[in-house]
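S.K.: 3D model of this:
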Amino acid sequence: MSASLVATLVLSLLDGRPEAGTPLRQRSGDPVDPMLVIVDRSEPAYTVYVAVEEGTPAEELGQLRSRVAQSKDAELVTWTDFRTDRRKYIDSRILVDDYPDSKVAKGILELLRRYASTPFGLTWNGGIAVTFNDYQHAKRSYEAHLSDPGEPADRRVDDPSRDPNNPQAHFRALLGWE
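M.R.: Below you'll find the predicted structure:
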């Protein structure tokens with residue numbers, strides 16, 4: 001995926017619109033640690049992460065830094081900082097953990113290593129968002145939680161295989177985890 005696509009994705013993310021139909025393109029070979037991670041907290045229902053690869057042209061990296069600097073809700077962090085301070089960048093974004101056994105932090109890290117320039121959302125309740133529908137479901141469940149912060153069973157889809165934000169389903173499909 002080209003670095004210009006990274007800029008396009010970031011612009012859409014910072015405008016609060018995950019890019020519909022963004023292709024998932026897995027890196028060939030072994031997973032690679034990215035150079036930077038964009039952390040976008042502009043939507044209360046989810047946080048979006050995008051890995052920025054080593055080798056991103058300096059001009060595009062400068063544009064990316066400039067755009068991220070203009071947003072009070074987004075930041076560009078080094079991979080080392082992101083990985084070592086998971087509590088700050090991942091755990092703190094989960095308001096209520098409806099998926100406590102999902103290993104979501106480990107999954108986010110691995111998704112970013114395997115899928116360059118692809119936005120991944122961590123939902124307010126510990127789920128994962130990849131598609132436009134996933135993000136919309138996260139917004140609806142967040143709004144339902146705000147209006148009635150009942151039990152997790154009141155928010156989640158009864159059948160885990162049909163739950164758009166179920167981390168295990170995404171990790172199974174994208175990472176081959178069981």
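
S.K.: which neighbouring elements make contact with the longest helix along the chain?
M.R.: Taking residue count as the measure and DSSP state H as the definition, the longest helix of the chain comes out as helix 132-147. Counting contacts by 3 or more CB pairs under 8 Å, 6 or more residues apart in numbering; DSSP states H and E, helix 132-147 is packed against strand 46-52, strand 120-123, strand 128-129, helix 152-155. For the C-beta atoms, the positions are set from N, CA and C on the backbone; glycine is no exception.

S.K.: export these as CSV, with columns for mean pLDDT, mean neighbour count and distance to R140.
M.R.: Formatted as CSV, the entries for the helices and strands packed on helix 132-147 read as follows, by pLDDT from 0 to 100; neighbours: other CB atoms under 10 Å; distance: least, CB to CB, whole Å:
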stretch, mean pLDDT, mean neighbour count, distance to R140
strand 46-52, 96, 25, 12
strand 120-123, 97, 26, 11
strand 128-129, 97, 26, 12
helix 152-155, 57, 14, 9
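
S.K.: how about these in CSV, adding distance to V39?
M.R.: Supplementary listing: the helices and strands packed on helix 132-147 in CSV, determined by distance: least, CB to CB, whole Å:
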stretch, distance to V39
strand 46-52, 6
strand 120-123, 10
strand 128-129, 15
helix 152-155, 24
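
S.K.: these: which one's closest to P100?
M.R.: Comparing these by their distance to P100 (CB to CB), the top pick is helix 152-155, with 9.5 Å.

S.K.: so how far is the very next helix or strand once past the closest one from its chain's centroid?
M.R.: Of the helices and strands lying after helix 152-155 in sequence (DSSP states H and E), the nearest is helix 167-175. Using CA atoms, centre = their mean, to the nearest Å, the mean C-alpha position of helix 167-175 is found 13 Å from that of the whole chain.

S.K.: report the angle between the axes of helix 167-175 and helix 132-147?
M.R.: Between the axis of helix 167-175 and that of helix 132-147 there is an angle of 160 degrees, by axes from the mean of the first three to the mean of the last three CA atoms, to 10 degrees.

S.K.: re the thing from before, now the longest helix of the chain: buried residues?
M.R.: Judged by neighbour count using 16 or more other CB atoms under 10 Å, the buried positions of helix 132-147 are 134-135, 137-139, 141-142, 145.

S.K.: angle of it against strand 46-52?
M.R.: On the basis of the same axes, to 10 degrees, helix 132-147 is oriented at 140 degrees to strand 46-52.

S.K.: mind saving the C-alpha coords of helix 132-147 as CSV?
M.R.: C-alpha atoms of helix 132-147 as CSV (Å, rounded to 0.1, in the frame of the first residue of the first chain):
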residue,chain,number,x,y,z
PHE,A,132,-17.7,0.7,8.1
ASN,A,133,-20.5,-1.5,9.6
ASP,A,134,-18.2,-2.4,12.6
TYR,A,135,-17.6,1.3,13.3
GLN,A,136,-21.4,2.0,13.0
HIS,A,137,-22.2,-0.8,15.4
ALA,A,138,-19.6,0.6,17.9
LYS,A,139,-21.3,4.0,17.7
ARG,A,140,-24.8,2.5,18.3
SER,A,141,-23.6,0.3,21.2
TYR,A,142,-21.8,3.3,22.8
GLU,A,143,-24.9,5.5,22.5
ALA,A,144,-27.0,2.6,24.0
HIS,A,145,-24.5,2.4,26.9
LEU,A,146,-24.7,6.1,27.5
SER,A,147,-28.5,6.0,27.7
